[in-house]
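Novice: any chance you could fold what I've pasted below:
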Amino acid sequence: MGLGTRVESIAVLGMFIILAMGAPRASAPTTPFFGTSYTGPSPTLPSATSAFTAWLAASSGGGMTIHNFETYPTSGLPTLVTGSTQGSCPTAVTLTNFPAGGAPLFVVTSASTTTSGSATTPGGGGTWIMAFPGEYTPATNFLAATSGSKILSPGGSPLLPGLNPAAEQDGVRFMFCTGGVYAVAFDILFQSLDAVSFLSIQVYDTSGFSIWSSAGFILTGVPTCPPAYPGAISDIPCGGAPLGEVFFGICSTTPIGWIDVNEMDDDEVNPDSNVGDDTIRVRNPSGGPPTC
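Specialist: Numbering: from 1, shown residues only. As a prediction, the model looks like this:
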């Protein structure tokens, strides 16, 4: 995501948040899996498909439930789902915005998500700031569903520039049933998939102990630009990069109580500060812990 002028302060804030979360509990194995939709040169992650296959094999157990929001009638969208529970135990997931005060969570159609506003050079206000305005191609910056046509979009369909926490502070907490689950996966949808995610992930057990942390921003699979990203990208943060997805999966022999996804790109620098989620996969824990 675009580096902008706030990189140092955001990075410091990100590290403070991560340190405040506490050290992971060093006991049972917990294995993360990451994959990317990026298909250009020199990817820094495996493909999303291969990462999903590896997660599926490691987390083998008693079946899998997929929450992909397709049960919501299109005629009723957007639908506010903050605090709602998808499915039923033991594979249910309750969705809340994270941190509190961030963007409310909506189910929308992928096709309805649009990059709003216009582009300007640095120094403008109320619009997307582009180092090279010619790279502004909003038709390539939306949130693409990875299954079906509907997604979870904090803030709803308009993909607005910051500073606007109610619209684009896009963190989510995934809370699981009382006994926890052993394996979870989901797709993180980026308005613009570039070299910097500005997104961290923390996994907790059912007692609230951290059992895995990204310890900083997750990789997107996109190497530093230019020149690796396809297209006419001229500036260092890959400001004109199109949409994309990152697969995240976690397998643990300790029951997982909840997962926090903390999104920290809150500015108007490049059309990349909006993130969504889709295709939440929860393994049924009835078969006991996998080997991971």
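Novice: what's the burial count for Thr127?
Specialist: When neighbours are defined as other CB atoms under 10 Å, Thr127 has 17 of them. For the C-beta atoms, the positions are set from N, CA and C on the backbone; glycine is no exception.
Novice: gap between it and Ser273?
Specialist: Distance, Thr127 to Ser273, by CB to CB, to the nearest Å: 13 Å.
Novice: what's the answer for Phe52, then?
Specialist: 26 Å.
Novice: equivalent analysis for Phe174, please.
Specialist: Separation of Phe174 from Ser273 (CB to CB) stands at 21 Å.
Novice: those two: which has the busier surroundings?
Specialist: Of the pair Phe174 and Ser273, Ser273 is the one with more neighbours under other CB under 10 Å, namely 30 against 24.
Novice: could you check which helix or strand contains the spatially closest residue to the more buried one that is not a sequence neighbour?
Specialist: Nearest residue to Ser273, sequence neighbours excluded (CB to CB, 6 or more residues apart in numbering): Asp265, at 4.3 Å. Counting by DSSP states H and E, no helix or strand carries Asp265.
Novice: got any residues that touch both of Thr127 and Ser273?
Specialist: Counting by CB atoms under 8 Å, 6 or more residues apart in numbering, the contacts common to Thr127 and Ser273 are Pro161.
Novice: is the nearest residue to Gly221 once chain neighbours are set aside in a bridge, and if so with what?
Specialist: In this structure, Gly221 finds its nearest non-sequential neighbour in Thr36, 2.6 Å apart by CB to CB, 6+ apart. Beta-bridge partners recorded for Thr36 (DSSP bridges): Ser47, Val246.
Novice: quick check: pLDDT value at Thr36.
Specialist: pLDDT for Thr36: 97.
Novice: distance of it relative to Asn141?
Specialist: Distance of Thr36 to Asn141, given as CB to CB: 17 Å.
Novice: just the strands in the stretch 101-250 of the chain please.
Specialist: Assignment of strands within the stretch 101-250 of the chain using DSSP state E, counting those that start in this stretch yields the ranges 105-109, 114-115, 119-120, 128-129, 150-154, 158-159, 172-176, 181-190, 199-205, 210-213, 244-263.
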